[in-house]
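>>> sequence? don't have it. structure:
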């Protein structure tokens, strides 16, 4: 693999990510190649589009006020009442979740915390 660090550095600089190559000179050839391969898998344009929406005006404080906690369901119960008021069985919930997974139509975000465990959700 021929590595052109300058072009990779230039590309990273467009997005303020040139620090990813900060220790490049200290890496073995194999480690450098692995780093470059990893960097090349990052879709910097998409990340920029998703995080900045084309602007540099991001307000995490105001955006956080828009997002509320999700409704939590206990799958240990035989029947579940959804936020819509609909009642479904545990089996129906599991089947629906598996169908979403199989259709690649489900997203999950895992965050640090622990409060859920104290409340009985694991």
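Thanks, I have the structure now. Please read these numbers as outputs of a predicted model, since none were measured by experiment.
>>> Sketch out the low-pLDDT regions of the chain for me.
By pLDDT under 70, the low-scoring segments of the chain are 1-2, 53-77, 83, 107-122.
>>> Residue 96 and residue 90: what is the separation?
Distance, residue 96 to residue 90, by CB to CB, to the nearest Å: 11 Å. Just so you know, the C-beta spots here come from the backbone N, C-alpha and C atoms, and that holds for glycine as well.
>>> how many other residues sit next to residue 21?
Residues contacting residue 21 under the criterion other CB atoms under 10 Å number 19.
>>> State the distance from residue 106 to residue 17.
29 Å.
>>> quick revisit: residue 96 and residue 90: who's more crowded?
The residue with more neighbours, out of residue 96 and residue 90, is residue 90; 15 against 12, by other CB under 10 Å.
>>> The more buried one and residue 97 touch, don't they?
No - using CB atoms under 8 Å, residue 90 is not in contact with residue 97, being 10.7 Å away.
>>> what does the domain assignment say about this protein?
Following automatic domain parsing, one finds the domains of the chain at 5-63, 79-118.
>>> okay, those domains, which one's buried deepest?
Mean neighbours per residue, mean count of other CB atoms under 10 Å, is largest over the domains of the chain for domain 5-63, with a mean of 11.
>>> can you pull out the strands in the chain?
Taking DSSP state E as the criterion, the chain carries its strands at 79-81, 87-89.
>>> Identify the residues contacting the last one?
Okay, so that is strand 87-89. Residues from elsewhere that reach strand 87-89 (CB atoms under 8 Å, 6 or more residues apart in numbering): 78, 79, 80, 81, 82, 96.
>>> strands paired with that strand, and their directions?
strand 79-81 (antiparallel) (DSSP bridges).
>>> in the sheet, who's paired with the nearest residue to residue 93 once chain neighbours are set aside?
Among residues not flanking residue 93 along the chain, residue 80 sits closest, at 5.7 Å (CB to CB, 6 or more residues apart in numbering). With DSSP bridges as the criterion, residue 80 is bridged to residue 88.
>>> Thanks a lot, catch you later.
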